[in-house]
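*Asks:* Show me the folded form of this:
(chains A and B)
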Number of protein chains: 2
Amino acid sequence: MQRAAPAPALGDAVAHQTETFAEGLRLDCGTLLRPLKVAYRTYGRLNESRSNAILICHALTGDQYVAERHPVTGKPGWWEIMVGPGRPIDTNRFFVICANVLGGCMGSSGPPSEMTDAEGRPQGRPWGTAFPPVTIRDMVRAQAMLIERLGIPKLFSVIGGSMGGMQVLEWAALFPGRVFSAIPIATAAWHSAQNIAFHEIGRQAIHADPNFHGGEYWRHGTIPARGLAVARMTAHITYLSEQALARKFGRRLRTGPMLTFDNDLFEVESYLQHQGSTFVQRFDANSYLTITRAMDFFDLAAEHGGSLGEAFRATPVRFCVISFSSDWLFPTAMSREIVRALNAAAANVSFVEITSDKGHDAFLLDEPDLFRTVSGFLKGAAERWSRG
Amino acid sequence: MQRAAPAPALGDAVAHQTETFAEGLRLDCGTLLRPLKVAYRTYGRLNESRSNAILICHALTGDQYVAERHPVTGKPGWWEIMVGPGRPIDTNRFFVICANVLGGCMGSSGPPSEMTDAEGRPQGRPWGTAFPPVTIRDMVRAQAMLIERLGIPKLFSVIGGSMGGMQVLEWAALFPGRVFSAIPIATAAWHSAQNIAFHEIGRQAIHADPNFHGGEYWRHGTIPARGLAVARMTAHITYLSEQALARKFGRRLRTGPMLTFDNDLFEVESYLQHQGSTFVQRFDANSYLTITRAMDFFDLAAEHGGSLGEAFRATPVRFCVISFSSDWLFPTAMSREIVRALNAAAANVSFVEITSDKGHDAFLLDEPDLFRTVSGFLKGAAERWSRG
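*Replies:* Numbers count the residues shown, from 1 in each chain, chains lettered A, B, ... in the order given. I've put the predicted structure just below:
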């Protein structure tokens, strides 16, 4: 029953494309993180007028490898179905950028990256649990520094699902003059009690793993693989609808006779165990704790005196809000709240609820209605932008 | 962050009221469990005609202490709001019986009870992981042996919620001549893929706890408290609706400044941690594994050639099926499936969906509509029974 912990194979063993900001970033918690490193990938070409840049914001366990082979797992990029030549976000036409989030584990400043002191001097050890807490707003500020460094005065669009959608909303609220359009997908303006509770399960599972060593696992040459796997399994269930789970796995016994205590008796179980165990190869436990906390902290209305409408007051940004009918983690009602606030702010907003039985995961999957909606909205926005 | 494991305080340290069946019980898996022990409690008095007996079937983590102080925790019985003098299940009128389920840890044969060999000879050690897998049908057969021993030819009613409701359905299917009426509450005729997946999270968390020792924790004087707590926390979230979670805890920060990594930053988290940690004082991890498996195996249609209607063919039992509008673990649609099958079998069935925002937990809580429904149905059934 006990699985050996796999050898550490974290992102910091890979050379990522990175920008370093010596001046650092003052975080919402007050800490000056110095220097700031932002790892990122780009696809396509920035045009002469610098008007074709799209920023993709990744979700909790995503990273900057959107549309190419992942350097750790060797798998295709997480959104190749959406981003690439001739895809809805067409890299023949757009210059696409995606940055690893602040607090992540694929090259941006985060728990596995080297700790620095207040003067920015390296400390010869990873941050680990000493990495300061970050917010979605901190993540967006770090991305904004990257976008400025890349010489892009205004993004044509900011697009993301789930936690990526939270960043999209924060971009529009924080930098309305630097974003022409925004596509928040399967997201919410604040994290629900239920979602916080599911995150807490994952965090508790990580803390309960003896290989976690209070977060100092890097000192012990271990990784809390079991705890991280349970966290991932929990999250994964919340990403799927009952229909999607049942269709994929049903209640069919996988092999052998009924009524044994084999761990993988039901197919859904072996699937989840597989999901959990591949995940630990590429993700850092302290990053998982840091990023889930950032999602839990997120409350865009609270950042604006309790009014979500205030967050978007007089916004010039054009929005396309997208939800999925079977998403129970970020249900359509959450998207409607965003749309209501945007309407109250007299914003230019389209809202599409896509009928799908794939649950929250739908934003990553083959959903023709999603592709049509995104490409159609981008086309219309491009016409509007070129008309001035 | 690390909590010390609490001292073992399992049910087998408590003297329970128990019946022993020397002949044992042949389980669905083929094993003869011998002897069979069934721990139980009764409330009220059996009348002369033995016509006022009600069997309560408890849920996953319930036990036989329905309407009295719990011998381990000292807390009130788990259904005192429903069962007692003048309550909807009125012990002034009815003789109420509740047995600890087979596989449980409060005195019935289960993983913490003493292991026996094929001749029933005690082995001087607990069963632990060697306890055979059991089914909901096995649980019901054990209860039926108890009911026979108590000299009750026919139960006036069998009542239970969640896994208790599965037992109610199984009672009606297995012993239609020994049950006059049945009230399955917040339950299903088969366990969904999503519910199996949530159980798998809990089992994985238990397996991941180093104090689990592959299920041999009783040899080491430990209990897998952290893993069991994570399992309980996961289950608990599924018992509450988003509304219930939000109303009780919201997103309010419990104390202190925002943006720290305190484990109980959000109230929902400290609540869940509390729920998890009190649970481990009274529940055995191997029992948890055994009973969740029994629920996952449950598929009443599969037991009857794939037809749920066949399970109830020509049943004389009178049913009152109850669901709650905000229960997403055992949603109303699951109850409707039961009702459809009962209708197809031309059974006598009432169906009530109770509007509640308390989620699955509603069946244990102060829900006046539930009380009215149960007491009204029992009153009508009693009139019908006395008319003959």
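
*Asks:* any idea which helix or strand carries residue A:275?
*Replies:* Assigned by DSSP states H and E, residue A:275 belongs to helix A:267-279.

*Asks:* after that helix, next one along is what?
*Replies:* Downstream of helix A:267-279 (by DSSP H and E), the next one is helix A:285-297.

*Asks:* With just CA atoms, put that following helix into PDB.
*Replies:* The C-alpha coordinates for helix A:285-297 follow below in PDB (Å, rounded to 0.1, in the frame of the first residue of the first chain):
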ATOM      1  CA  ALA A 285       4.000  21.500  -1.700                       C
ATOM      2  CA  ASN A 286       4.900  24.900  -0.300                       C
ATOM      3  CA  SER A 287       3.800  26.500  -3.600                       C
ATOM      4  CA  TYR A 288       0.500  24.600  -3.300                       C
ATOM      5  CA  LEU A 289       0.000  26.100   0.100                       C
ATOM      6  CA  THR A 290       1.000  29.600  -1.000                       C
ATOM      7  CA  ILE A 291      -1.200  29.700  -4.100                       C
ATOM      8  CA  THR A 292      -4.300  28.100  -2.500                       C
ATOM      9  CA  ARG A 293      -4.100  30.700   0.200                       C
ATOM     10  CA  ALA A 294      -3.900  33.400  -2.400                       C
ATOM     11  CA  MET A 295      -7.100  32.100  -3.900                       C
ATOM     12  CA  ASP A 296      -8.800  32.000  -0.500                       C
ATOM     13  CA  PHE A 297      -7.800  35.600   0.300                       C
END
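
*Asks:* Let me know the average pLDDT across the helix holding residue A:275.
*Replies:* Regarding helix A:267-279, the rounded mean pLDDT is 71.

*Asks:* cool, and stretch A:344-362?
*Replies:* Averaged across stretch A:344-362, pLDDT comes to 96.

*Asks:* ok, and for that stretch, which residues are buried?
*Replies:* A:345, A:347, A:349-354, A:356, A:358-362 (16 or more other C-beta atoms under 10 Å in any protein chain shown). For every residue, glycine as well, the C-beta is placed using N, CA and C.

*Asks:* is chain B contacted by that stretch?
*Replies:* No: counting by C-beta under 8 Å from any C-beta of the partner chain, chain B has no neighbours in stretch A:344-362; the shortest distance is 9.9 Å.

*Asks:* From the chain's centroid, how far away is that stretch?
*Replies:* With C-alpha atoms, centre = their mean, to the nearest Å as the basis, stretch A:344-362 stands 18 Å off its chain's centre.

*Asks:* Ends of it, what's the gap?
*Replies:* 29 Å (C-alpha to C-alpha, to the nearest Å).

*Asks:* residues near the residue of the stretch 51-200 of chain A found nearest chain B, how many?
*Replies:* Here the residue of the stretch 51-200 of chain A nearest chain B is residue A:193; by C-beta to the nearest C-beta that distance is 3.9 Å. Neighbourhood size, residue A:193 [other C-beta atoms under 10 Å in any protein chain shown]: 25.

*Asks:* who's in contact with the closest residue to it other than its chain neighbours?
*Replies:* Counting by C-beta to C-beta, 6 or more residues apart in numbering or on different chains, residue A:193 lies nearest to residue B:245, which is 3.9 Å off, once chain neighbours are set aside. If you count contacts by C-beta atoms under 8 Å, 6 or more residues apart in numbering or on different chains, residue B:245 has them with A:192, A:193, A:194, A:197, B:237, B:268.

*Asks:* Using CSV, list the CA coordinates for stretch A:167-176.
*Replies:* Coordinates of the C-alpha atoms in stretch A:167-176 are reproduced here as CSV (Å, rounded to 0.1, in the frame of the first residue of the first chain):
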residue,chain,number,x,y,z
GLN,A,167,-6.2,37.4,-12.2
VAL,A,168,-8.1,38.6,-15.2
LEU,A,169,-10.6,40.4,-13.0
GLU,A,170,-7.8,41.9,-10.9
TRP,A,171,-6.0,43.1,-14.0
ALA,A,172,-9.1,44.9,-15.2
ALA,A,173,-9.7,46.4,-11.7
LEU,A,174,-6.0,47.4,-11.1
PHE,A,175,-4.9,48.5,-14.5
PRO,A,176,-8.0,49.5,-16.6
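
*Asks:* average pLDDT across it?
*Replies:* 98.

*Asks:* Surely the residue of the stretch 51-200 of chain A closest to chain B touches residue B:242?
*Replies:* Yes: the pair formed by residue A:193 and residue B:242 meets the contact definition of C-beta atoms under 8 Å, at 6.5 Å.

*Asks:* The host helix or strand of residue A:319 - which strands sit beside it in the sheet, and in what orientation?
*Replies:* Element membership for residue A:319, per DSSP H and E: strand A:318-324. The strands beside strand A:318-324 in its sheet (DSSP bridges) come out as strand A:179-185 (parallel), strand A:348-354 (parallel).

*Asks:* What ranges in the stretch 251-388 of chain A fall below the confidence cut-off?
*Replies:* A:251-272, A:276 (pLDDT under 70).

*Asks:* again, only this time at 80
*Replies:* For the stretch 251-388 of chain A, residues meeting the criterion pLDDT under 80 lie at A:251-277, A:388.

*Asks:* Next, give phi and psi for the residue positioned nearest the centre of chain A.
*Replies:* Chain A has residue A:59 as the residue nearest its centroid, 1.4 Å off, counting by C-alpha atoms, centre = their mean. Per-residue torsions, residue A:59: phi -90, psi -180 (degrees, to the nearest 10).

*Asks:* List the contacts of it.
*Replies:* Contacts of residue A:59 (C-beta under 8 Å, 6+ apart): A:160, A:161, A:162, A:163, A:164.

*Asks:* roughly how far apart are the third one and residue A:205?
*Replies:* Yep, that's residue A:162 we're talking about. Here residue A:162 is placed at a distance of 20 Å from residue A:205 (C-beta to C-beta, to the nearest Å).

*Asks:* okay, those two: which has more neighbours?
*Replies:* Using other C-beta under 10 Å, the more surrounded residue of residue A:162 and residue A:205 is residue A:205, with 34 against 27.

*Asks:* did I read that right, the more buried one in a helix?
*Replies:* Yes: counting by DSSP: H, G, I helix; E, B strand; the rest coil, residue A:205 is part of a helix.
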